[in-house]
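Colleague: Based on what follows, work out the 3D shape:
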Amino acid sequence: MTLTKRILLAMVLGIALGLVLNLMSSDSPSGWIQVFLVQGVFDAVGTIFVASLKLLVVPLVFVSLVCGTATLGNHTRMGSLAIKTIGLYLMTTAIAITLAIGVASLLGPGSELGLKAPVGTDVDVGLSVKETLVNIFPDNPVKAMAEGNMLQVIIFSVLLGIAIARSGDSARPMVDFFENLNQVVMKMIMMLVQLAPYGVFCLLAKLFATMGFAVFEDLLFYFFTVIGVLLLQCLVVYPGLLKVFAGLNPFVFFRKMYPVQVFGFSTASSNATLPFTLSTVKDKLGVDNKVASFTLPLGATVNMDGTSIMQGVATVFIAQAYGIDVGVTGYLMVVLTATLASIGTAGVPGVGMVTLTMVLQQAGLPIEEGIALIIGVDRLLDMLRTSVNITGDAAVTTVVANSESLLDRERFAAD
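Modeller: Purely as a prediction, here's the structure:
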C-alpha cells in the first residue's frame, strides 16, 4: 500500500476504534481496556510521535536554511533576478498566511469545540512590538536552538549561509558538510513519515475515545476551510499576479500547468515534481532556462504557500478550540514566523506538520493536543497544498522571466 492509503486507513480505523471506546463506560467490566488503551498505549505512542516531530524542527530549519542561503549567495551576480524572485516568493507566502488567518478568524472553524487548555499552556501577551522584534535577533545561537526559539534560529541560519557564500572556495568544505547533513536530516524525516500511520492511528483513537463523534464536524469544518483558502490562493492570487505583473492570460497558464498539478497532488512532494515542473515551464510556458533553472529549485525550498495556509488556519483553529486569545500581535508574529519558516521547509511529504510545531510554539498554543486535532486529515491536505506550492513556483517564475525579457510570449500563448 502507498503511504497515502496507509495513512487514510489508519485515520479511518483510529476514528472507528475511538468511537467504539467512547461508547464503552470506564465503570463497566471491560472498562479497564478503555483505560489501558486510551490513557496508556495510545497516549504513549501519540506523545512519542509528536515528540519526534518536535525533535526534527531545529535541525531541519537550521540545515535547510544554511544550504539554501549559501546556494542563493552564489547567485548574487544575478542581481535583480534574485531580488525579484525572493521578493515575490515572500510576498505570495505572506498573502497566503494572511488570507488563512483572516478567513479562519471570520469562519471560526474551532469556535464550537470549547476544549480546556492543558496545564502549562502559556501565551505571552506582555511583549510590545518593539520587544518582540528585538527578541528575534539571537545573542546566543546555541541557547536559541536549545530553547527552540525558531525566529532566532532562522536569523542565525541566514547570516551563516550568507557568510559561507561570501567566503568563496575556502568555504567549499563547509558547503559540502551542510549539504551532506541536509541529506541525513531528510532521511530522518522520511523515516518518521513512514511511521506516520501509527501516530495518526493512536492520536485519533485517543482523540475520539475521549471526545466522541462531536469533534468530527469541526474537523471537517477545518478541512474545508483549508481547502477554501487554498483555492482562493490558487484561483485568485496567482491569476492576479500573472495578469497585473505580466499581462498574461491565467487560463492558458492553468491549462498548461494542470498535468503538473495532478502529478504534484499524487506525489505530495515539490522536489519530486521539480523535473516535470521545469520541463513544462520551459517548453510550454516559454520561460528561458536561465530563469527557470534558478527560480524553480529555489521555489521548491523557499516558496511554501500551501503549507503556510495550513499553518495559518491550523493556528486559528487550535486557538479557537481551546479558547486562547492569541491577539493581534500574536497573529502578526505567526505571519512572520510562517513566512520565514517557509524558507526552511523542504519539499517532501509531511514536512509541513514538522514546521507547524514551530508556529504553534511561537503562538503559545498547545502543541501535542493541537496536532492531534488536525493530523488525521493532514495527508489529504498535504497533497492539495503541494499542488498549490508548485503552481506558485511556476507563476512567480513566469512573472520574473517576463520582467527580465526572458519569456517567449508566443510559446506561452500557443496551443
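Colleague: which residues make contact with stretch 84-97 from outside it?
Modeller: Counting contacts by Cβ atoms under 8 Å, 6 or more residues apart in numbering, the residues outside stretch 84-97 that touch it are 72, 229, 233, 237-238, 241, 294-295, 298-299, 302-306, 308-309, 311-312, 334-335, 338-339, 342, 392, 395-397, 399-400, 403-404. Heads up, the C-betas are built off the backbone N, CA and C, glycines and all.
Colleague: Buried residues, it. List them.
Modeller: Within stretch 84-97, the residues scored as buried using 16 or more other Cβ atoms under 10 Å are 84-86, 88-90, 92-97.
Colleague: if I read this right, residue 363 contacts residue 326, doesn't it?
Modeller: Yes. Between residue 363 and residue 326 there is a contact under Cβ atoms under 8 Å: 5.3 Å.
Colleague: just checking, what's the longest helix in this protein?
Modeller: In the chain, taking DSSP state H as the definition, the longest helix is helix 43-73.
Colleague: The closest residue in space to residue 320 that isn't next to it in sequence - how many residues pack around it?
Modeller: With sequence-adjacent residues excluded and distances taken as Cβ to Cβ, 6 or more residues apart in numbering, residue 320 is closest to residue 110, at 3.6 Å. Burial of residue 110 is recorded as 28 neighbouring residues (other Cβ atoms under 10 Å).
Colleague: again with residue 2
Modeller: The local packing of residue 2 (other Cβ under 10 Å) involves 8 other residues.
Colleague: And it, how far from residue 268?
Modeller: Counting by Cβ to Cβ, to the nearest Å, the gap from residue 2 to residue 268 is 10 Å.
Colleague: what's the answer for residue 357, then?
Modeller: Taken as Cβ to Cβ, the span from residue 357 to residue 268 is 19 Å.
Colleague: Mind checking which of the two has more residues around it?
Modeller: For residue 357 versus residue 268, neighbours defined as other Cβ under 10 Å are more numerous around residue 268 (26 against 22).
Colleague: coming back round to it: select only the buried ones of the contacts of stretch 84-97 in PyMOL?
Modeller: Selection of buried members from these for PyMOL, criterion 16+ other Cβ under 10 Å:
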select buried, resi 72+229+233+237+238+241+294+295+298+299+302+303+304+305+306+308+309+311+312+334+335+338+339+342+392+395+396+397+399+400+403+404
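Colleague: Narrow the contacts of stretch 84-97 to those in helices?
Modeller: When the contacts of stretch 84-97 are checked against helices (DSSP H), the matches are 72, 229, 238, 241, 294-295, 298-299, 302, 305-306, 308-309, 311-312, 334-335, 338-339, 392, 395-397, 399-400, 403.
Colleague: Residue 239 - nearest residue in space that isn't next to it in sequence?
Modeller: Residue nearest to residue 239 in three dimensions, not counting chain neighbours: residue 250, with 3.5 Å by Cβ to Cβ, 6+ apart.
Colleague: same thing with residue 80?
Modeller: Distances taken as Cβ to Cβ, 6+ apart put residue 404 closest to residue 80, at 7.4 Å, once the chain neighbours are dropped.
Colleague: Thought residue 291 was touching the one you found, still the case?
Modeller: Yes. Taking contact to mean Cβ under 8 Å, the distance of 6.3 Å between residue 404 and residue 291 places them in contact.
Colleague: overlap in contacts of these two?
Modeller: Common neighbours of residue 404 and residue 291 (Cβ under 8 Å, 6+ apart) are residue 81.
Colleague: how close does residue 61 get to residue 20?
Modeller: Taking Cβ to Cβ, one finds residue 61 at 40 Å from residue 20.
Colleague: scratch that, residue 243 is what I was asking about
Modeller: 53 Å.
Colleague: What ranges does the stretch 101-250 of the chain have for its helices?
Modeller: Along the stretch 101-250 of the chain, the stretches classed as helices by DSSP state H, counting those that start in this stretch are 129-134, 141-147, 150-166, 172-194, 196-211, 214-232, 238-246, 250-267.
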